[in-house]
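S.K.: Sequence and predicted structure, then a few things I'm wondering about:
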Amino acid sequence: FRLAKRRGVEWPPIWDPLRRLGRSHRAPARAALPPLEIRAFGPGEVWIEGQLVAWPEARKAWELFFYLLTVDSATREEIGAALWPDAPPARLTGQFHSAKWRLKRILGREVLVFREGRYAFDRRQPHWYDVGMFEEYLQRARQARGTPEALAHLRAAVELYRGDYLSGWNAEWAVDLRERLRTRYIEALLTLAEGTLKAGEPQAALAWFQQALAADPYLEAACLGAVRCYLAMDQPAAALALYRQYAARLERDLGLQPSAEARALYESIAQAKNRSGS
């Protein structure tokens, strides 16, 4: 019909119903799927249009989902070694496909792709992933090192960290990644705190150092950073109290003492305070 129209050919009126019938059988346009909001910092959640996706009896389906978010791709054997390390090979195929089917049913879409013998998360899916954004902000901070923009990127990164990665999950691959992400988080906090203190904002820097201490109560760098913040705010008594709490915790829990550098700093603050009589 289009070709006839371009050539100026008129079709008889009797053909109109046929033309309309052809139009009605065209495949409808595929509706855009709502994006997935994936939160792996904390217990592990997926949200769709503001609703938390429930997964009461599909732990392995979720584990498959989050595992493939952490790797570029993996063979079925690699997935089996990570998710079902004790399963006999004869059962592995069935367990894998059961988890894959459950995942598709729960999310209402296919989120995995298979290419050249390897499975991967389909990153063409509309999605937002907190761990991916965390890594992206850290990369931007490294590229902007030494600038105010770097501090802004670090702040955005640490604000995404709402808890340890997949807290409560005991799979070896998840535990390993949890430790790596936690280390990056603490490093980001220390860098952010140091940069903020250097920028002349000790009160704000103190909050970041305290957040690092909350993540690792035995971290001397965070303790000494907080001490320096108190000194910058002319609060030596608070600096000494914080140090004493830290030293007591270290002795009580680990049977250790602060470093010689930390003890020397404490002594110098205590002596200065005594001389001033404050």
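M.R.: Sure thing, it's come through.

S.K.: what's the residue closest to the geometric middle of this protein?
M.R.: Geometric centre of the chain, nearest residue: residue 131, 2.2 Å, by Cα atoms, centre = their mean.

S.K.: Distance of residue 81 relative to residue 165?
M.R.: Separation of residue 81 from residue 165 (Cβ to Cβ, to the nearest Å): 20 Å. (Glycine included, C-beta is placed from N, CA and C.)

S.K.: who's more crowded, these two?
M.R.: Ranked by neighbour count (other Cβ atoms under 10 Å), residue 81 and residue 165 place residue 165 first, with 25 against 15.

S.K.: Just grab the bridge partners of that one for me.
M.R.: residue 41 (DSSP bridges).

S.K.: oh, and call the first residue 554 from now on, that's how I've got it
M.R.: Sure, I'll start numbering at 554, so the last one becomes residue 718.

S.K.: I'd guessed it sits against residue 727; true?
M.R.: Yes - using Cβ atoms under 8 Å, residue 718 is in contact with residue 727, at 7.0 Å.

S.K.: ok, which stretches of the stretch 554-703 of the chain are strands?
M.R.: For the stretch 554-703 of the chain, applying DSSP state E, counting those that start in this stretch gives strands covering 589-592, 598-601, 604-605, 665-668, 671-674, 680-682.

S.K.: possible to save these as JSON lines with mean pLDDT?
M.R.: Listed next are the strands of the stretch 554-703 of the chain as JSON lines, based on pLDDT from 0 to 100:
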{"stretch": "strand 589-592", "mean pLDDT": "96"}
{"stretch": "strand 598-601", "mean pLDDT": "94"}
{"stretch": "strand 604-605", "mean pLDDT": "94"}
{"stretch": "strand 665-668", "mean pLDDT": "96"}
{"stretch": "strand 671-674", "mean pLDDT": "97"}
{"stretch": "strand 680-682", "mean pLDDT": "95"}
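
S.K.: For residue 707, which of these is the nearest?
M.R.: Closest approach to residue 707 among those (Cβ to Cβ): strand 680-682, 18.9 Å.

S.K.: Buried residues, the closest one. List them.
M.R.: By neighbour count on 16 or more other Cβ atoms under 10 Å, the buried set for strand 680-682 is 680, 682.

S.K.: list the helices and strands it packs on?
M.R.: Applying 3 or more Cβ pairs under 8 Å, 6 or more residues apart in numbering; DSSP states H and E, we find strand 680-682 packed against strand 589-592.

S.K.: Name every strand pairing with the strand it packs on and say which way it goes.
M.R.: Sheet neighbours of strand 589-592, with direction, are listed as strand 598-601 (antiparallel), strand 680-682 (parallel) (DSSP bridges).

S.K.: Off-centre distance for the last one?
M.R.: Between the centre of strand 680-682 and the centre of its host chain there is 10 Å, according to Cα atoms, centre = their mean, to the nearest Å.

S.K.: With the first one instead?
M.R.: Averaged C-alpha coordinates place strand 598-601 at 14 Å from its chain's average position (Cα atoms, centre = their mean).

S.K.: Can you dump the C-alpha atoms of it in CSV for me?
M.R.: Extracted C-alpha coordinates of strand 598-601, given in CSV (Å, rounded to 0.1, in the frame of the first residue of the first chain):
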residue,chain,number,x,y,z
GLU,A,598,17.5,-5.1,48.4
VAL,A,599,15.9,-4.5,45.0
TRP,A,600,13.2,-1.8,44.6
ILE,A,601,10.9,-1.3,41.6
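
S.K.: any residues touching that strand, and which ones?
M.R.: Here strand 598-601 makes contact (Cβ atoms under 8 Å, 6 or more residues apart in numbering) with 587, 588, 589, 590, 591, 592, 605, 606, 618, 660, 661.
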